[in-house]
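Here is my input; please provide its structure:
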Amino acid sequence: MSKIFLTDPQTGKTYPGDEQTVTNLLRENAALIRTIKELQNEGNDGHLFDYMKQLHRNIVWLSSIADETSNKVTH
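So this is what the prediction gives:
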């Protein structure tokens with residue numbers, strides 16, 4: 001699970017959506033997609049839904065960052 005969904009214990013704030021965080025999250029998504037594919041091919045759906053929820057959450061977060069960035073550029 002990415003740290004972006006956690007609160008920094010020192011500051012009490014959520015982690016920023018900086019370039020490194022986005023890059024790490026994209027790598028995590030690639031790994032999640034590979035894992036989901038492998039589980040589907042094996043017919044092992046025990047944790048499949050958990051991985052899919054995590055991938056969905058990551059994609060929603062990335063899209064919100066993209067929207068924020070797009071709004072800053074256009075305004």
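
contacts and neighbour counts: CA atoms only from here.
Will do.

Can you pull up the most central residue in the protein?
Per CA atoms, centre = their mean, the C-alpha nearest to the average position across the chain is that of Asn58, at 2.4 Å.

list the contacts for Leu39?
With contacts defined as CA atoms under 8 Å, 6 or more residues apart in numbering, Leu39 is in contact with 45, 48.

Can you tell me how far it is from Gln20?
29 Å (CA to CA, to the nearest Å).

Report the buried residues of the strand or helix carrying the residue nearest to the centre of the chain.
Using DSSP states H and E, Asn58 falls within helix 48-74. Going by neighbour count (16 or more other CA atoms under 10 Å), the buried part of helix 48-74 is 48, 51-52, 54-55, 58, 61-62, 65.

Remind me what that helix packs against, helices and strands.
When contacts are defined as 3 or more CA pairs under 8 Å, 6 or more residues apart in numbering; DSSP states H and E, helix 48-74 packs onto helix 19-42.

Next, report how far the helix it packs on is displaced from the centre of its chain.
Distance of helix 19-42 from its chain centroid, counting by CA atoms, centre = their mean, to the nearest Å, is 9 Å.

Of all the residues in that helix, which ones are buried?
In helix 19-42, counting by 16+ other CA under 10 Å, buried: 21-22, 25-26, 28-29, 32, 36, 39.

wait, which of those is closest to Gly12?
The closest of the buried residues of helix 19-42 to Gly12 turns out to be Thr21 (CA to CA; 17.9 Å).

one step back: return the member of the buried residues of helix 48-74 nearest to Gly12.
So of those, ranked by how close each gets to Gly12 (CA to CA), first place is Trp61, at 19.1 Å.
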